[in-house]
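K.L.:
A structural model of the following input is requested.
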Amino acid sequence: MCAGEFFSPVFIMKKTSLDIIKMAFVTSLPVLAAYIFLGMGFGVLMSERDYPVYLSFFSSIFVFAGTGQYLLVDLLVSKASLLHTAFMTLMVNARHTFYGISMINRYKDMGKYKPYMIFGLTDETYSLLCDENTYPEKKYAGLYCFFVTAFDHLYWITGCTLGAVLGSLLDFNSKGIDFSMTAIFVSVFVDQWLKEKNHYAAIVGLLVTLICLIIFGSGKFLIPAMILITALLTIPYAQEAKKNG
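P.N.:
As a prediction, this is how the structure comes out:
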């Protein structure tokens, strides 16, 4: 390589892009251990229900929803209808609506990266992408967000597949494994509470859920709670958009 090639804009772009990818990898490392072990839990549960390894692998690619995938195990076992499966998945993952609302402005200029990043916006990825301290310059924001999402997805795929393989080869006692998702939700909530100065969303979520649980009971509180939380979180965003626009 000659000196002219070394200092060419193309070479500099590639070098900078590589730095952004490394930056995304470092940012994603806190999710690595969590997704490997949580994914393994899902894979073990699938293997204990005698489902093949490839089903865990492909579900981790195309579903990529921790709670949704754990729910999928019971839905498959009970042979639930597609309509019931779709409804339950929607309810369990409805919280992603809130993430989407808060990421509209950040994702609007992401171009070709946007479809995959919308698909891959999990709880943990959302937490990482909300940290302004690790964000690169706007020019490389799309590349950074894409690779943070992709690395997290890769960790999940690896964990699910590894768990399925180990579960098919070894005898596991899976009692209590499904509680792992509850544990990570608590950790994500605490992390967001410590990082964010405005706790409006967290307080709304807790109070509305508690009130609906008391009024409707444990079997029927989810839908009204989601509807009310969505309304309460959308109103401030709409007011801010109206004020700015």
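K.L.:
drop to CA atoms for contacts and neighbour counts, all remaining ones
P.N.:
OK.
K.L.:
which residues sit in contact with Met49?
P.N.:
For residue 49 the amino acid is Arg, not Met. Going by Cα atoms under 8 Å, 6 or more residues apart in numbering, Arg49 touches Val77.
K.L.:
And the strand or helix carrying Asp19, what's buried?
P.N.:
Using DSSP states H and E, Asp19 sits within helix 9-48. Neighbour counts over helix 9-48 (16 or more other Cα atoms under 10 Å) mark 20-21, 23-25, 27-28, 31-32, 34-48 as buried.
K.L.:
Tell me which other helices or strands it touches.
P.N.:
Helices and strands touching helix 9-48, by 3 or more Cα pairs under 8 Å, 6 or more residues apart in numbering; DSSP states H and E, are helix 53-62, helix 66-77, helix 123-129, helix 141-169, helix 180-195.
K.L.:
Point out the most buried one among those helices.
P.N.:
Greatest average neighbour count among the helices and strands packed on helix 9-48 goes to helix 141-169 (a mean of 23), per mean count of other Cα atoms under 10 Å.
K.L.:
and that helix with helix 9-48, angle?
P.N.:
30 degrees (axes from the mean of the first three to the mean of the last three Cα atoms, to 10 degrees).
K.L.:
domains in the protein, as residue ranges please.
P.N.:
Listed by automatic domain parsing, the domain ranges of the chain are 3-185, 197-245.
K.L.:
Same list (those) but as a markdown table, adding mean pLDDT.
P.N.:
A markdown table is the format used below for the domains of the chain (pLDDT from 0 to 100):
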| stretch | mean pLDDT |
| --- | --- |
| domain 3-185 | 80 |
| domain 197-245 | 79 |
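K.L.:
Asp191 is nearest to which of those?
P.N.:
domain 3-185 (8.2 Å; Cα to Cα).
K.L.:
Centre of the chain to that closest one, how far?
P.N.:
5 Å (Cα atoms, centre = their mean, to the nearest Å).
K.L.:
coming back round to it: export the domains of the chain as JSON lines, with columns for distance to Asp191.
P.N.:
Putting the domains of the chain into JSON lines (distance: least, Cα to Cα, whole Å) gives the following:
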{"stretch": "domain 3-185", "distance to Asp191": "8"}
{"stretch": "domain 197-245", "distance to Asp191": "11"}
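K.L.:
most centrally placed residue in the protein?
P.N.:
By Cα atoms, centre = their mean, the chain has its centre lying nearest to Thr122, at 0.9 Å.
K.L.:
List the residues that contact that residue.
P.N.:
65, 96.
K.L.:
switch the cut-off to 10 Å
P.N.:
64-66, 93, 95-96, 99, 128, 149, 152-153 (Cα atoms under 10 Å, 6 or more residues apart in numbering).
K.L.:
ok, it to Ile61 distance?
P.N.:
13 Å (Cα to Cα, to the nearest Å).
K.L.:
Common neighbours of those two, please.
P.N.:
His153.
K.L.:
related to what we said a few turns ago, identify, from the contacts of Thr122, the entry nearest to Gly205.
P.N.:
Arg95 (9.8 Å).
K.L.:
residues near that closest one, how many?
P.N.:
Counted with other Cα atoms under 10 Å, residues neighbouring Arg95 total 16.
K.L.:
Chain neighbours aside, what residue packs nearest to it?
P.N.:
Spatial nearest neighbour of Arg95, chain neighbours left out: Met226 (7.6 Å); criterion: Cα to Cα, 6 or more residues apart in numbering.
K.L.:
and that neighbour, what element?
P.N.:
Going by DSSP H and E, Met226 is in helix 222-244.
K.L.:
Could you export stretch 96-108 as PDB, CA atoms only?
P.N.:
This file holds the C-alpha atoms of stretch 96-108, laid out as PDB (Å, rounded to 0.1, in the frame of the first residue of the first chain):
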ATOM      1  CA  HIS A  96     -41.500  -2.300  23.100                       C
ATOM      2  CA  THR A  97     -44.000   0.300  22.100                       C
ATOM      3  CA  PHE A  98     -42.700   2.600  24.700                       C
ATOM      4  CA  TYR A  99     -39.100   2.100  23.500                       C
ATOM      5  CA  GLY A 100     -40.100   2.800  20.000                       C
ATOM      6  CA  ILE A 101     -41.800   6.100  20.900                       C
ATOM      7  CA  SER A 102     -38.700   7.300  22.700                       C
ATOM      8  CA  MET A 103     -36.400   6.200  19.800                       C
ATOM      9  CA  ILE A 104     -38.400   7.800  17.000                       C
ATOM     10  CA  ASN A 105     -36.100  10.900  16.700                       C
ATOM     11  CA  ARG A 106     -32.900   8.900  17.200                       C
ATOM     12  CA  TYR A 107     -33.800   6.300  14.500                       C
ATOM     13  CA  LYS A 108     -35.400   8.600  11.900                       C
END
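K.L.:
Cool, thanks, signing off.
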